[in-house]
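>>> requesting a structural model of the entry that follows:
(one chain, ligands or ions: 1)
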Amino acid sequence: MSSRIIIVGGGTAGITMAAQLAKSDRDLSIVLIEPSEFHYYQPLYTLVGAGAEKVEKTKRLTKDFIPKGVQWHQGKVKAFAPENNEVILEDDQKMSYDYLIVCPGIQIDWAAIEGLPETLGKNGVCSVYGYQESATTWKILDDFKGGNAIFTAPRTPVKCGGAPQKITYLTDALLREKGIRLSSTVTFATGAKKLFAVKGFAETLEDLVRQRNINTLFNHELIKVDGDKKEATFVIKTFENKQLIRSEKKVMPFDLLHVVPPQSAPDFVKNSALAIREGKGKGWVDVDINTLQHRQFANVFALGDVANLPTGKTGAAVRKQVPIIVRNLFQLIDNQLIDKKNQYDGYSACPILTDYNHVLMAEFTYGYQPNPSVSFMDTTKPSYLMYLAKHYYLPWFYWNRMLKGKG
Ligand SMILES: Cc1cc2nc3c(=O)[nH]c(=O)nc-3n(C[C@H](O)[C@H](O)[C@H](O)COP(=O)(O)OP(=O)(O)OC[C@H]3O[C@@H](n4cnc5c(N)ncnc54)[C@H](O)[C@@H]3O)c2cc1C
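Numbering: from 1, shown residues only. Here you go, the predicted structure:
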């Protein structure tokens, strides 16, 4: 009898997973639940925001990427019932499975910043975290005549942790090109404690902000935007031995404000039995960080941005996670024990655009250990070759290879 597999979410992870499963010669019945008519290549959003790429390049029809033999259910899951091996759809219909693969991505909590939804796209306030939003970001950057430019990053995990910095460096380069850098200040205000977690790349970025006179503010969390007054309010938290000892507010005037809002697991995941209920990782899907198998429900796997994995949430990470789940799932179907060898090592990659021609290709594994995939060059320095890979090769690879289960 064929095994019935449900995949929740048909973004980067869901389509790649469906494609690799469909290509196997197994007897599988695969249902992909995905609401969106369109599929988006989000890694280009920063280049769109900086005016170096057209937004239309990031969007294709979902139907053109549904693998042969996979049934697309165009709708949303609203709840999980893993004890009954069922997912519940928006219209309360139940769908049952033998195996479940969970990958509905991450939720962008725009409203967690007071005043942001009302002013986003106006008053110099923008964000590359979305299709329309990234196009509007370019309009705002292009109109900017100089002044106080502030770029924010939250304390929460975000998809592509390097993206808040990419748009900062691209804007710095743009202002130089336009001859208005001297009449501007560029500030990167982050809720994090440091610029970057991976050694080697961190030092390069620290040198870069120093040389390019970009102010850095750490432990600065954006909590409020007043678009009319052009004021951003931050809360600054001071910790000693991981204990919060002081929390103060600071209001900063801006002419341009690029916001990366807090992000979390989608609400329907957070509120489910699949999520971590308390403590570290709360809300994310509770999987083993190597096998990607759920820690309580053995017939459930999760990957991509929604999974509780202590590494960068990127498409590059998804690419390494998919074949791991495919292999583990087949062992499970064959009633074998999951082989603990050669499991997911936390690989992720963040191509940090440092200007319109250079990329710092940060590749790393768990523990933020550097893990370059090329040995013929020093990847801790920004390079033109990596820029070409980021802007041209990787999008081609994504649409033509990865989403088709070919790499
Ligand atoms: C500005 C920006 C820059 C980035 N840069 C890079 C980069 O340079 N390199 C890189 O590798 N990665 C980058 N990323 C990150 C990358 O895009 C994500 O990590 C990747 O898309 C994660 O894949 P995913 O399948 O988990 O989530 P997604 O691709 O976001 O897909 C999730 C899918 O789930 C669906 N879904 C949501 N809710 C439900 C529901 N209730 N029921 C069913 N389906 C649902 C959604 O419609 C969506 O299609 C960037 C992202 C952004 C925003």
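
>>> number of residues surrounding the closest residue to Ser272 other than its chain neighbours?
Nearest in space to Ser272, with sequence neighbours left out and distances taken as Cβ to Cβ, 6 or more residues apart in numbering, is Phe80 at 4.4 Å. (C-beta placed from N, C-alpha, C; glycine too.) Burial of Phe80, expressed as a neighbour count using other Cβ atoms under 10 Å, amounts to 24.

>>> distance of Phe80 from Ile88?
7 Å (Cβ to Cβ, to the nearest Å).

>>> how about the residues of the stretch 201-350 of the chain near the ligand?
By the criterion of Cβ under 6 Å from any ligand atom, the positions of the stretch 201-350 of the chain lying close to the ligand are 266, 268, 304-306, 313-316, 318.

>>> can you rerun that using 5 Å?
By the rule Cβ under 5 Å from any ligand atom, the part of the stretch 201-350 of the chain lying against the ligand is 304-305, 313-316.

>>> so is the helix or strand hosting Pro164 next to the ligand?
Here Pro164 is covered by helix 163-178, with elements defined by DSSP states H and E. Yes: using Cβ under 5 Å from any ligand atom, helix 163-178 reaches the ligand at Ala163.

>>> if you count neighbours, what's buried in the helix or strand following that helix?
For helix 163-178, the succeeding helix or strand toward the C-terminus, using DSSP H and E, is strand 185-190. Burial within strand 185-190, assessed by neighbour count using 16 or more other Cβ atoms under 10 Å, is assigned to 186-190.

>>> of these, which are in range of the ligand?
Contacts with the ligand within the buried residues of strand 185-190, counted by Cβ under 5 Å from any ligand atom: none were found.

>>> contacting residues for whichever residue of the stretch 251-400 of the chain sits closest to the ligand?
Of the residues in the stretch 251-400 of the chain, the one nearest the ligand is Gly304, at a distance of 2.3 Å by Cβ to the nearest ligand atom. Contact partners of Gly304, counting by Cβ atoms under 8 Å, 6 or more residues apart in numbering, are 9, 11-14, 103, 105, 313, 317-318, 321.

>>> not counting its neighbours along the chain, what's nearest the residue positioned nearest the centre of the chain?
The residue lying closest to the centre of the chain (Cα atoms, centre = their mean) is Lys159, at 1.8 Å. Once its chain neighbours are removed from consideration, Lys159 has its nearest residue in Lys313; the separation is 4.7 Å (Cβ to Cβ, 6+ apart).

>>> other residues contacting the helix or strand the residue nearest to Ser272 falls within?
When secondary structure is defined by DSSP H and E, Phe80 falls within strand 77-81. When contacts are taken as Cβ under 8 Å, 6+ apart, the neighbours of strand 77-81 outside the stretch itself are 8, 33, 86-90, 94, 100, 102, 104, 268-269, 271-274.
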